[in-house]
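Asks: Just a sequence and a predicted model for now, questions to come.
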Amino acid sequence: MWQNREAFIKRQKLLVVFVTALCALLPVLLNAQWLETTIYIPDSLCGIGLLRAFTYNPTNNKIYVGGERGNYLIVIDGATNQKIARIPVGSYTFALCYNAINNKVYCANYYSDNVTVIDGATDSVITTITVGDGPRFLVWNSQNNKVYCTNWSSNNVTVIDGATNNVITTITVGSSPFALIWNSQNNKVYCANFGSNNVTVIDGAINSVITTITVGQGPGALVWNSQNNKVYTANSYTNNVTVIDGVTNSVIATIPVGNFPGGLVWNSQNNKVYCSSRDHNNVTVIDGTSNSAITTIPVGNYPCAMVWNAQNNKVYCANQNSNNVTVINGASNSVITTIPVGDGPWVFCWNSIQNRVYVANYYSSSVSVIRDSIVSGIEENRQPLSVDHLSLEVFPNPARSYFNIHTPSNISRVKIFDVSGNLIISEALTSKTNRISLDGIKQGVYFIQIDNKMRKEKLIVTK
């Protein structure tokens, strides 16, 4: 009897110790990151090497990666991390982008002076479009369904119709046009001209140049802050960031940063802009409201690309020469961890469905996959819904101005999330069949949630 009681007390004490330790570790575990896997893409097998381009297809949950060698893209399944397709494209993939309306992937081929258009569902080539000399960057305008391509050597931008795949026009810009960004509030496209130290502003509706804005020397990166409608350009040779008013197209401020700034990203949750400085091995954090530098965060050697994860409010910085990724807390501006990856991490891609961050390693022809220890992403439920294990019906899908939702059991509320995990619609259901308005909802891919249980089907909105 007493022996049993002593054993019971001992077990209880051990349980208390375990729970106490777990509670102490919980904040660490919630912020922990880990290298889930490395996807190797050897030259001898796939012939792409020197990886430098990424894009994500949220409709089919696929990642596309391309490089300088060979004439192929590799397609990765976002759920399994398996290579599932190889797509022939042009020579020297420099940029990729995704069109959510038509489910197409665009590939800029630098040496062959063309853009390959790929069907996002079948991963087959639809067509190849001749553009200018040295296509180097792509951006998609969802309002007018156009794709813009900067042509580095011919100093112009090719505008492509997203529906017909035809070239609409070619717009003359500054010298050595590089980065592009689209401002959805004013339907403007900004083109950073690396050689002429200015930014060309293009009207997204009529494809004409509105103005040209003088910035610092060597503008090589752009980012748009939708909260304050500002555009930021990182100027490589004057070691600063120019802030442009998205309404007036005037320069608001010039912010000093570290030497040779190369990457920009915006954190919409805390309204911060992050700028990596390659020669100073740090990241400058800029307040999106006051246009002032908040702090400087030491990172790895030669930081280049960055990406912001909207689901966990973390910023990832690829340190090319130290072969690792620095993970930064978006709220506190503190370094959470540094994760070893492949040789020469160069560019990022974020899978918002599984909440995975992918980094392409330029020299080792591999893709490193990073995710939270505790998964917080919008996971697609591959089992039936647990609400009576019954399915719901959503129609029409794709939808334009509304969709109907039919539930065979009593469901109290429906929520709609975008691919970044942001809540777009939350509406009470009054009957088994309900009509949900899509007024004010932009075209794109969304996810349906009922009574806090994520639905695996996607809702596609077209306008």
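Replies: Perfect, I can see it now. Residues are numbered from 1 along each chain as shown.
Asks: Show me what the one helix or strand Val241 maps to packs onto, helices and strands only.
Replies: Val241 is part of strand 240-245 when elements are defined by DSSP states H and E. Packing partners of strand 240-245 (3 or more CB pairs under 8 Å, 6 or more residues apart in numbering; DSSP states H and E): strand 230-235, strand 251-256, strand 261-267. Glycine gets a C-beta too; all of them are placed from N, C-alpha and C.
Asks: between these, which gets nearest to Lys104?
Replies: When the helices and strands packed on strand 240-245 are compared by CB to CB, strand 261-267 sits nearest Lys104, at 24.9 Å.
Asks: Tell me the helix or strand right after the closest one.
Replies: Following strand 261-267 in sequence order, the next helix or strand is strand 272-277 (DSSP H and E).
Asks: Which strands or helices does that following strand pack on?
Replies: Applying 3+ CB pairs under 8 Å, 6+ apart, we find strand 272-277 packed against strand 230-235, strand 261-267, strand 282-287, strand 303-309, strand 314-319.
Asks: Buried by neighbour count: which residues of the second one qualify?
Replies: For strand 261-267, the buried set under the neighbour-count rule, 16 or more other CB atoms under 10 Å, comprises Pro261, Gly262, Gly263, Leu264, Val265, Trp266, Asn267.
Asks: Pick out the most distant pair among these.
Replies: Spanning the widest gap among the buried residues of strand 261-267 are Gly262 and Asn267, at 17.9 Å by CB to CB.
Asks: what's the spacing between Thr130 and Asn109?
Replies: The spacing between Thr130 and Asn109, counted by CB to CB, to the nearest Å, is 10 Å.
Asks: likewise Lys230?
Replies: 33 Å.
Asks: And the buried residues of strand 261-267, which is closest to Asp77?
Replies: Of those, the one sitting nearest to Asp77 (CB to CB) turns out to be Val265, at 25.8 Å.
Asks: For the closest one, give its distance to Asp123.
Replies: Separation of Val265 from Asp123 (CB to CB): 28 Å.
Asks: same deal with Ala428?
Replies: Ala428 sits at a distance of 40 Å from Asp123 (criterion: CB to CB).
Asks: For these two, indicate the residue with more neighbours.
Replies: Between Ala428 and Asp123, counted using other CB atoms under 10 Å, the more crowded position is Asp123 (18 against 9).
Asks: can you give me how far stretch 217-224 is from the chain middle?
Replies: 17 Å (CA atoms, centre = their mean, to the nearest Å).
Asks: Now that stretch: buried residues?
Replies: Using 16+ other CB under 10 Å as the test for burial, stretch 217-224 gives Gly218, Pro219, Gly220, Ala221, Leu222, Val223, Trp224.
Asks: The fourth one bridge partners, please.
Replies: Listed by DSSP bridges, the beta-bridge partners for Ala221 are Ala234.
Asks: ok, it - contacts?
Replies: Ala179, Ala192, Thr233, Ala234, Pro261, Gly262, Gly263, Leu264 (CB atoms under 8 Å, 6 or more residues apart in numbering).
Asks: Turn these into a markdown table, including pLDDT and distance to Gly90.
Replies: Formatted as a markdown table, the contacts of Ala221 follow (pLDDT from 0 to 100; distance: CB to CB, whole Å):
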| residue | pLDDT | distance to Gly90 |
| --- | --- | --- |
| Ala179 | 96 | 21 |
| Ala192 | 98 | 23 |
| Thr233 | 98 | 28 |
| Ala234 | 98 | 28 |
| Pro261 | 96 | 30 |
| Gly262 | 89 | 26 |
| Gly263 | 93 | 26 |
| Leu264 | 96 | 28 |
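Asks: so which of those residues would you say is closest to Ala253?
Replies: Of the contacts of Ala221, the one sitting nearest to Ala253 (CB to CB) turns out to be Thr233, at 11.7 Å.
Asks: quick one on the thing from earlier: now distance to Ala163 too, for the helices and strands packed on strand 272-277, in a markdown table please.
Replies: Formatted as a markdown table, the helices and strands packed on strand 272-277 follow (distance: least, CB to CB, whole Å):
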| stretch | distance to Ala163 |
| --- | --- |
| strand 230-235 | 27 |
| strand 261-267 | 29 |
| strand 282-287 | 38 |
| strand 303-309 | 29 |
| strand 314-319 | 34 |
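Asks: Asp343: which of those strands is closest?
Replies: With CB to CB, the closest approach to Asp343 among those belongs to strand 314-319: 11.7 Å.
Asks: which residues touch the helix or strand just after the closest one?
Replies: Using DSSP H and E, the helix or strand that follows strand 314-319 towards the C-terminus is strand 324-329. Contact partners of strand 324-329, identified using CB under 8 Å, 6+ apart, comprise 31, 33, 274, 283, 297, 299-300, 303, 313-319, 334-341, 345, 357, 359, 368, 370.
Asks: can you do 6 Å?
Replies: With contact meaning CB atoms under 6 Å, 6 or more residues apart in numbering, strand 324-329 is reached by 33, 299-300, 314-318, 335-341, 359.
Asks: Check those residues for burial and list the buried ones.
Replies: Buried among those by 16+ other CB under 10 Å: 33, 299-300, 314-318, 335-339, 341, 359.
Asks: May I ask which two of the residues you listed are separated the most?
Replies: Spatially, the most separated pair among the buried ones among the contacts of strand 324-329 is Val335 and Val359, at 16.7 Å (CB to CB).
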